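>>> Let's see this in three dimensions:
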Amino acid sequence: MCPILFRGTPFQMDAYVLMTTLGFVAMGLLAHRRARQLQLDPRRVFRVFVCAAASGFVGARIGYVILHWEQYRPNPLMILRVLDGGMVWYTGLFLGTCGAIWAIRRVGLPLWKMLDLLAAPTAMMRVFGRSGCFLSGCCRGIPSALPWAVPFPPEGVPRHPTQLYESGGILAIFLILKGLERHGHPEGILPGVGFTLYALVRFELEWVRADAIPGPGGLSIGQWFSLALLAVGLWIVRNRLRVSHA
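You can find the predicted model right below:
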């Protein structure tokens, strides 16, 4: 683990903050490049990106605060200490998607084409974010005796590196989405494919996450979110396939 990069130098910085920032930069660059390929106005695409990124960040923070309210109840001002970490991807994805749709409508860009454009960049952003989680040592897995288990501080017990599992899974999703971009696809299907594949990855990872929050039916809260996202993803895929064949 290396939660603080360049420690003891003038460039010292939090690893999670740096990787998250790099993730947003990568997302913006990929979206800009794809906008030029699709001959969409890069300035309007950038406005959508900013709105999606900002609303996603706020949504991720709100989700964490709701799930860990007892931590913030004594001092609600701690909610503003975002550099200390504390984000929930699913609520960030939901609010970020809502923000993107609102901005797309606002700037007058084609909805499904824009959602296609944002699918792969969003996946790459998440790859960077989960790598930051690994460097910070958060979101770790349960103890494991597997050869690739990683000892996390402070106890030093070898655990599943669930952050790297997820990062690798999302990287595979990114490559699948880019492959679909290159070889053609029904308009609007990419977010559905991304949602579906990520829901499957996250559902399985919840079994080995040490911080999984128990939910009803023997599943974690994260697994219930995954099932909801899976339903949305499959609906989008089915809907867009039906439209393309109409």
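>>> and the nearest residue to residue 150 once chain neighbours are set aside, what does it touch?
Using CB to CB, 6 or more residues apart in numbering and skipping residues adjacent in sequence, the residue nearest residue 150 is residue 161, 4.6 Å away. To be clear about C-beta, it is placed using only N, CA and C from the backbone, and glycine gets the same treatment. Applying CB atoms under 8 Å, 6 or more residues apart in numbering, we find residue 161 in contact with 134, 140-141, 148-150.
>>> of those, closest to residue 78?
residue 140 (22.3 Å; CB to CB).
>>> per-residue confidence at the residue sitting nearest the centre point of the chain?
Closest residue to the average C-alpha location of the chain: residue 126 at 4.1 Å, with CA atoms, centre = their mean. We have a pLDDT of 95 for residue 126.
>>> element containing residue 8?
For residue 8, there is no enclosing helix or strand under DSSP states H and E.
>>> what's the neighbour count on it?
7 (other CB atoms under 10 Å).
>>> for residue 152, same thing?
20.
>>> Can you list phi and psi of it for me?
phi -100, psi 140 (degrees, to the nearest 10).
>>> which residues does it bridge with?
Beta-bridge partners recorded for residue 152 (DSSP bridges): residue 157.
>>> didn't residue 61 look like it was pressed against residue 81?
No: look at residue 61 against residue 81 with CB atoms under 8 Å: they stay out of range, at 10.2 Å.
>>> Which one of the two is surrounded by more residues?
residue 61 (19 against 11).
>>> all helices for the chain, in order.
15-37, 42-67, 69-72, 89-107, 111-136, 162-183, 189-205, 221-245 (DSSP state H).
>>> Using TSV, please lay out these together with distance to residue 213.
Supplementary listing: the helices of the chain in TSV, determined by distance: least, CB to CB, whole Å:
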stretch	distance to residue 213
helix 15-37	20
helix 42-67	6
helix 69-72	12
helix 89-107	12
helix 111-136	16
helix 162-183	14
helix 189-205	13
helix 221-245	4
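>>> Turn the buried ones among the contacts of residue 161 into a named ChimeraX selection, would you?
Of these, the buried ones go into a single ChimeraX selection, burial set by 16 or more other CB atoms under 10 Å:
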select :134,140,141,149,150
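>>> Return the closest of the contacts of residue 161 with respect to residue 167.
When the contacts of residue 161 are compared against residue 167 (criterion: CB to CB), the nearest one is residue 134, at 7.2 Å.
>>> Could you tell me which residues make contact with that closest one?
1, 161, 163-164, 167.
>>> ok, residue 135 - how many residues close by?
With other CB under 10 Å as criterion, residue 135 counts 18.
>>> I figured it was touching residue 16, is that so?
Yes: using CB under 8 Å, residue 135 is in contact with residue 16, at 6.7 Å.
>>> shared neighbours, these two?
residue 3.
>>> check contacts around residue 187.
So residue 187 contacts 112-113, 116, 240, 243-244 (CB under 8 Å, 6+ apart).
>>> swap the cut-off to 10 Å and go again
110-113, 115-116, 240, 243-244 (CB atoms under 10 Å, 6 or more residues apart in numbering).
>>> how near is it to residue 210?
41 Å (CB to CB, to the nearest Å).
>>> between the contacts of residue 134, which has the most around it?
residue 163 (24 neighbours).
>>> thinking again about what came up before, I'd like the contacts of residue 161 laid out as JSON lines, including pLDDT and distance to residue 92.
JSON lines is the format used below for the contacts of residue 161 (pLDDT from 0 to 100; distance: CB to CB, whole Å):
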{"residue": "134", "pLDDT": "93", "distance to residue 92": "18"}
{"residue": "140", "pLDDT": "92", "distance to residue 92": "20"}
{"residue": "141", "pLDDT": "96", "distance to residue 92": "21"}
{"residue": "148", "pLDDT": "96", "distance to residue 92": "28"}
{"residue": "149", "pLDDT": "96", "distance to residue 92": "28"}
{"residue": "150", "pLDDT": "95", "distance to residue 92": "25"}
